[in-house]
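J.: Let me see the structure of the following:
(one chain, ligands or ions: 1)
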Amino acid sequence: MPELPEVETVKRGLEKVLLNKKIENIKVRRRDLRVQVPVNLESDAVGAVIQSLGRRAKYLLINLSNNKTIIWHLGMSGRIGIHSEKPVELLKHDHVILETDDGISIVYNDARRFGLVDICDSEKLASLKYFSAMGEEPLEDSYDAKKLLSHLKDRKVPIKLGLLNQEIIAGLGNIYVCEALYRSGISPLKACNEISLKEAEKLVIEIKEVLREAIEAGGSTLKDHKRPDGEIGYFQNSHKVYGKEGQRCPNCTCDISKTGGIKRITQGGRSTFYCEKLQK
Ligand SMILES: [Zn+2]
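T.: This next block holds a predicted model:
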């Protein structure tokens, strides 16, 4: 599933080809994505100029000159391709195609159809159902330990589940929560309300760092997620614990034949990878 760094990478890739371009045409081949693609998408967007691209959690935002914003979520398996050839040879799961006045086609492919493409008035964005209850962006400069703690102090669920809760913090998925907890030396089983200010400070630093590194590396590419320019990212090679059950933790010198190495447990139906020795 594309996570925050992957979506940021897609955003940066799209910025290069979409900024200041006019939308000449939009084709919707299937409207029944996770949320029905609104029938006014085409009439609201065609003819407008793309003024900026943004991201909120894992949602891509395309801001138009007519004060509308296109909201795009890649779901579980969605991919955005950039094509300059004409005509574009469309594949089975290519559902939405956006064409610019300089001949670029943005093609949205989503086999499982868990993604969405929506449009709204830009000024109503924050109150939209996708964003109204959403927590803060961890990469904002103003995001700090006090903000994180204010959401953790009354919750008894394990910190692993807390960090996956989009109302507590926006855009973190399974991989980066595992990695940030490992780097912070905090057990994924520790209750949210037992996290100290010092631990929260460390956690916020590591969350920002792990996201920045991933964005720099071009986003990881689990399963079939590709960068918009067709290249495959490579951050997955630098995961320290995620997907590494039974392997030696990079910061431990323990004998894995005795300790079993990195542990995998299930929390909230999803795998957690961690080191029992380093994470308390
Ligand atoms: Zn270890």
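J.: what's the helix or strand of the chain with the lowest mean pLDDT in contact with?
T.: Lowest by mean pLDDT, DSSP states H and E among the helices and strands of the chain is helix 256-259, with a mean of 86. For helix 256-259, contacts defined as Cβ atoms under 8 Å, 6 or more residues apart in numbering pick out 246-248, 252, 276-277. Bear in mind the C-beta positions are built from the backbone N, C-alpha and C, glycine included.
J.: Check the residues you listed for burial and list the buried ones.
T.: Neighbour-count burial within the contacts of helix 256-259 applies to Glu276; the criterion is 16 or more other Cβ atoms under 10 Å.
J.: As JSON lines, the contacts of helix 256-259 with distance to the ion would be great.
T.: JSON lines is the format used below for these (distance: Cβ to the ion, whole Å):
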{"residue": "Gly246", "distance to the ion": "12"}
{"residue": "Gln247", "distance to the ion": "10"}
{"residue": "Arg248", "distance to the ion": "8"}
{"residue": "Cys252", "distance to the ion": "3"}
{"residue": "Glu276", "distance to the ion": "8"}
{"residue": "Lys277", "distance to the ion": "5"}
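J.: Out of the contacts of helix 256-259, show me where the pLDDT dips lowest.
T.: Within the set of these, pLDDT is lowest for Cys252 (87).
J.: which ones are touching it?
T.: 259, 275, 277-278.
J.: Touching the longest helix along the chain from outside, list them.
T.: For the chain, the helix with the greatest residue count under DSSP state H is helix 197-216. Applying Cβ under 8 Å, 6+ apart, the contact partners of helix 197-216 are 3-6, 8-9, 138-139, 143-146, 148-149, 152, 163, 169, 172, 176, 179-181, 183-186, 195, 220, 235, 238.
J.: Take those residues and keep only those in helices.
T.: 4-6, 8-9, 145-146, 148-149, 152, 163, 176, 179-181, 183-184.
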